[in-house]
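1. I'd like to go over a predicted model; first the sequence, then the structure.
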Amino acid sequence: MNRAETKEGDRFVRVGTLEELAARRMTVVSGGHPPILVIADGARCYAVDNRCPHLGFPLQRGTLEDGILTCHWHHARFDVASGGGFDLWADDLPTAAVEVRDDEVWVSTTLRYADGQTHWRNRLRDGMAHDLGLVIAKAILGLRAQGVPPLDLIREAALFGARGREDWGAGLTVLTALGNLVPVLPEESSYLALYKGIAKVAKDCAGQPARRTGQPLDPPPSAETLARWLRHWTAVRHRDAIERTVLAGISARLAPATLAEMLLAAATDRVFADGGHTLDFINKAFELLDLIGWAHADAVLPTTVEHLASARGAEESTAWRHPIDLIALSADAAAEFPSAIAIGGRSARRWGGTIALAEAFLGDSPSAIAQAMIKAIAENAAPPDLGRALAYAAALRVARFGTSNEHSDWEAAHHAFTYAHATHRMLARLAAGGHPPTAESLRAVLHGAMHVYLLRFLNVPPARLPGEGDDRLDDLPAETEALERGFLDALDRHGGVEMAGRYVARHLTLGHDAGALIATLIQAVLREDAGFHSYQMLEASIAQFREWGPTPEGQRILYAAARYLAAHSPTERADLQTAVVARKLARDEKLY
């Protein structure tokens, strides 16, 4: 075909005469560019991408009627003049400029959307608003191709999720967990993580009423007053007052650590509130703001208010009251914290009993557990180290989980670990902000330790840890690639819990690169239709492993994660199929 240039630099190709095009009605122009469909509709000519934006079906096999082009694969319909789609799930068609020169039709080889550079951002918002997974996936790829950073996409989804429902939902937890992992992921895994996180937020908000927007107090009172009020309003379950108090703290520009201390105290006034979810969600809200910026605190933090107001505490659970009253025991122990803190503050020595305390947390006597914690505080144990000990003890409950238990019991062990991880993160935030330990903040560790105690039956009999007894793992391969492949294969079969764990243990005990193993664990979750618990377990395990490093304790934490993930695999992997379809469309690969 003949070619010519315009002043704007677009390359044009000759398609034919007006008479020739009118006879054919639809003509496909191919070459070193995407296939372009040139349509003669009466006295006008139009040019659009020949690939249906939904799933790439060739539109020349469609039907043109009254200026509307219909794709016969899924019945998507388009205005040929603007490229606009009439079906949100199908997207708009990019169009190309058409010029008629001396009765000859020339078409540009450059395809553009009517809304230009904002097209993919508009589509991301449409996809989230209407819970359209394929639209979300394609928009992510389109925006990433334009150089939009992953954190910008996370911010867009986070604000949509914060405003799209009344309370913090599982979708925002998944988005935050994956957002914490995105910076270390290769491009393909980063795309999957963004898609899974954003799609989870959209699903969470589907059909939900938008969150009401509250107003802060003006002028706000002191931080001490706000902290006192927040605990009072939480105790009496006054939702609107809780929200206004939180907004007042944000309006007063209180430091994140100060806000965290306020919310931690209010949340732990109820023991192990909502099975640990309340504290976990508050921690994730803070982590999300670390990712997207604290300028958005007034949008994100109020999503935790409903959980503060409505959560049930363990004090309402018979398991915490009988045969041993763990609530009274915890209250008595917490009453000793202030004096233990004062004793510890006078000590200059560095505490090194993290592992010993974790082992004490796994004991059979709740009073001994409480005394071990009081002793650690009096020995000047740093609050983050207390949280680390709790997280390690909870991880061992998962690592030693007996597969003869009911499958649903995995979630009890999982909740203990993710609560412990959230506690560690919150205490680390307070310490980094210069906040000294308080009885109110440290009781979060005690509550977690009592819950770990209650779960001791999950380890009867205890599953054997790698290297224990006569299992030296020598029957497994030694090469990194073979071990990672074996782990993924184990997850492809139901009942692969022990084998998956052994592959991970073998990888770590041989000293192979932990980063490669972590990438494999992430891949294992991203390919599944995983529930939000799997994402929680994945991210918390990686974070805790980084705390411990490639020590025996760190290895056992990843081993625990492998067992849990294997117990929840395989799934249908429908979400992965959607992501793959979007990727193929972005690469101009045929699907039909």
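-> Okay, I see it. Bear in mind that the values here come from a model prediction, so they are computed numbers and not experimental data.

2. Do a quick rundown of the helices in the stretch 101-250 of the chain.
-> 119-129, 133-145, 150-163, 170-181, 187-205, 223-235, 239-251 (DSSP state H, counting those that start in this stretch).

3. ok now the first one, how far from the chain's centre?
-> Here helix 119-129 is found 19 Å from its chain centre; the criterion is CA atoms, centre = their mean, to the nearest Å.

4. Check the fifth one too.
-> Mean C-alpha position of helix 187-205 versus that of the full chain (CA atoms, centre = their mean) differs by 8 Å.

5. so that helix versus helix 119-129, what angle?
-> 40 degrees (axes from the mean of the first three to the mean of the last three CA atoms, to 10 degrees).

6. Same check on the last one?
-> For helix 239-251 and helix 119-129, the angle between their directions (the same axes, to 10 degrees) works out to 150 degrees.

7. Between the helices of the stretch 101-250 of the chain, which one is closest to residue 361.
-> Nearest to residue 361, of all these, is helix 170-181, at 24.4 Å by CB to CB. Using the backbone N, CA and C atoms, a C-beta is placed for each residue, glycine as well.

8. who does that closest one touch, helix- and strand-wise?
-> helix 150-163, helix 187-205, helix 277-292, helix 532-548 (3 or more CB pairs under 8 Å, 6 or more residues apart in numbering; DSSP states H and E).

9. Is it possible to get TSV of the ones you listed that adds distance to residue 446 and mean pLDDT?
-> Output for those, formatted as TSV (distance: least, CB to CB, whole Å; pLDDT from 0 to 100):
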stretch	distance to residue 446	mean pLDDT
helix 150-163	31	98
helix 187-205	32	97
helix 277-292	13	98
helix 532-548	19	97
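
10. how about the ones you listed in JSON lines, adding distance to residue 30 and mean neighbour count?
-> Below are these laid out as JSON lines (distance: least, CB to CB, whole Å; neighbours: other CB atoms under 10 Å):
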{"stretch": "helix 150-163", "distance to residue 30": "34", "mean neighbour count": "22"}
{"stretch": "helix 187-205", "distance to residue 30": "29", "mean neighbour count": "23"}
{"stretch": "helix 277-292", "distance to residue 30": "44", "mean neighbour count": "24"}
{"stretch": "helix 532-548", "distance to residue 30": "44", "mean neighbour count": "22"}
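
11. Spit out the contact partners of the closest residue to residue 433 other than its chain neighbours.
-> With CB to CB, 6 or more residues apart in numbering as the criterion, residue 433 has its nearest non-adjacent residue at 2.4 Å, and that residue is residue 257. Contacts for residue 257 (CB atoms under 8 Å, 6 or more residues apart in numbering) come out as 429-430, 432-435.

12. May I ask which two of those are separated the most?
-> Farthest pair in the contacts of residue 257 (CB to CB) is 429 and 434. Separation: 10.8 Å.

13. Of these two, which one has the most company?
-> Each of residue 429 and residue 434 has its neighbours counted (other CB atoms under 10 Å); residue 429 has more, 21 against 9.

14. distance of the more buried one from residue 409?
-> From residue 429 across to residue 409, the span is 31 Å (CB to CB, to the nearest Å).

15. now the strands for this protein?
-> Taking DSSP state E as the criterion, the chain carries its strands at 3-5, 11-17, 26-31, 33-41, 44-49, 63-65, 68-70, 77-79, 98-101, 104-108.

16. lowest-pLDDT helix or strand in the chain?
-> strand 3-5 (a mean of 51; mean pLDDT, DSSP states H and E).

17. can you redo the helices of the stretch 101-250 of the chain as JSON lines with distance to residue 494?
-> Output for the helices of the stretch 101-250 of the chain, formatted as JSON lines (distance: least, CB to CB, whole Å):
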{"stretch": "helix 119-129", "distance to residue 494": "33"}
{"stretch": "helix 133-145", "distance to residue 494": "26"}
{"stretch": "helix 150-163", "distance to residue 494": "32"}
{"stretch": "helix 170-181", "distance to residue 494": "24"}
{"stretch": "helix 187-205", "distance to residue 494": "22"}
{"stretch": "helix 223-235", "distance to residue 494": "43"}
{"stretch": "helix 239-251", "distance to residue 494": "43"}
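
18. Quick one: closest of those helices to residue 61.
-> helix 133-145 (20.7 Å).

19. got the angle between the closest one and helix 119-129?
-> Using the same axes, to 10 degrees: helix 133-145 against helix 119-129 is 150 degrees.

20. Output the contacting helices and strands for helix 133-145.
-> Partner elements for helix 133-145 (3+ CB pairs under 8 Å, 6+ apart): helix 119-129, helix 150-163, helix 187-205, helix 574-586.

21. Make CSV from those helices and add distance to residue 560 to it.
-> CSV is the format used below for the helices and strands packed on helix 133-145 (distance: least, CB to CB, whole Å):
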stretch, distance to residue 560
helix 119-129, 34
helix 150-163, 27
helix 187-205, 22
helix 574-586, 25
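
22. Select, out of these, the one closest to residue 421.
-> That would be helix 187-205 among the helices and strands packed on helix 133-145, by CB to CB, at 18.3 Å.

23. Output the lengthiest helix in the chain as PDB, nothing but the C-alphas.
-> In the chain, taking DSSP state H as the definition, the longest helix is helix 409-432. In PDB, the C-alpha atoms belonging to helix 409-432 read as follows (Å, rounded to 0.1, in the frame of the first residue of the first chain):
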ATOM      1  CA  ASP A 409      -9.200 -25.400  62.600                       C
ATOM      2  CA  TRP A 410      -6.400 -24.100  60.300                       C
ATOM      3  CA  GLU A 411      -8.200 -20.700  60.600                       C
ATOM      4  CA  ALA A 412      -7.900 -20.700  64.400                       C
ATOM      5  CA  ALA A 413      -4.200 -21.200  64.100                       C
ATOM      6  CA  HIS A 414      -3.900 -18.700  61.300                       C
ATOM      7  CA  HIS A 415      -5.800 -16.000  63.300                       C
ATOM      8  CA  ALA A 416      -3.400 -16.400  66.200                       C
ATOM      9  CA  PHE A 417      -0.500 -15.800  63.900                       C
ATOM     10  CA  THR A 418      -1.800 -12.800  62.000                       C
ATOM     11  CA  TYR A 419      -3.000 -11.200  65.200                       C
ATOM     12  CA  ALA A 420       0.500 -11.700  66.700                       C
ATOM     13  CA  HIS A 421       2.100 -10.200  63.600                       C
ATOM     14  CA  ALA A 422      -0.200  -7.200  63.800                       C
ATOM     15  CA  THR A 423       0.600  -6.800  67.500                       C
ATOM     16  CA  HIS A 424       4.300  -6.900  66.700                       C
ATOM     17  CA  ARG A 425       3.900  -4.300  63.900                       C
ATOM     18  CA  MET A 426       1.900  -1.900  66.100                       C
ATOM     19  CA  LEU A 427       4.400  -2.200  69.000                       C
ATOM     20  CA  ALA A 428       7.300  -1.600  66.600                       C
ATOM     21  CA  ARG A 429       5.400   1.500  65.300                       C
ATOM     22  CA  LEU A 430       5.100   2.900  68.800                       C
ATOM     23  CA  ALA A 431       8.700   2.200  69.600                       C
ATOM     24  CA  ALA A 432       9.900   3.900  66.400                       C
END
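
24. Can you give me the buried ones in it?
-> Using 16 or more other CB atoms under 10 Å as the test for burial, helix 409-432 gives 409-410, 412-431.

25. shaky segments in this protein?
-> The chain contains residues with pLDDT under 70 at 1-9, 592.

26. Spatially central residue in it, please.
-> With distances taken as CA atoms, centre = their mean, the residue of the chain nearest its centroid is residue 174 (2.3 Å).

27. Would you check how far apart it and residue 533 are?
-> Taking CB to CB, one finds residue 174 at 10 Å from residue 533.

28. you'd agree residue 545 is up against residue 557?
-> Yes: contact criterion CB atoms under 8 Å: residue 545 and residue 557 qualify, at 5.1 Å.

29. Identify the residues contacting stretch 266-283?
-> 168, 173, 230-231, 234-235, 242, 260, 263-264, 304, 307-308, 311-315, 320, 327, 330, 415-416, 418-419, 422-423, 425-426, 440-441, 443-444, 447-448, 450-451, 536.

30. which of these count as buried?
-> Buried among the contacts of stretch 266-283 (16+ other CB under 10 Å): 168, 173, 230-231, 234, 242, 260, 263-264, 304, 307-308, 311, 313-315, 320, 327, 330, 415-416, 418-419, 422-423, 425-426, 440-441, 443-444, 447-448, 450-451, 536.
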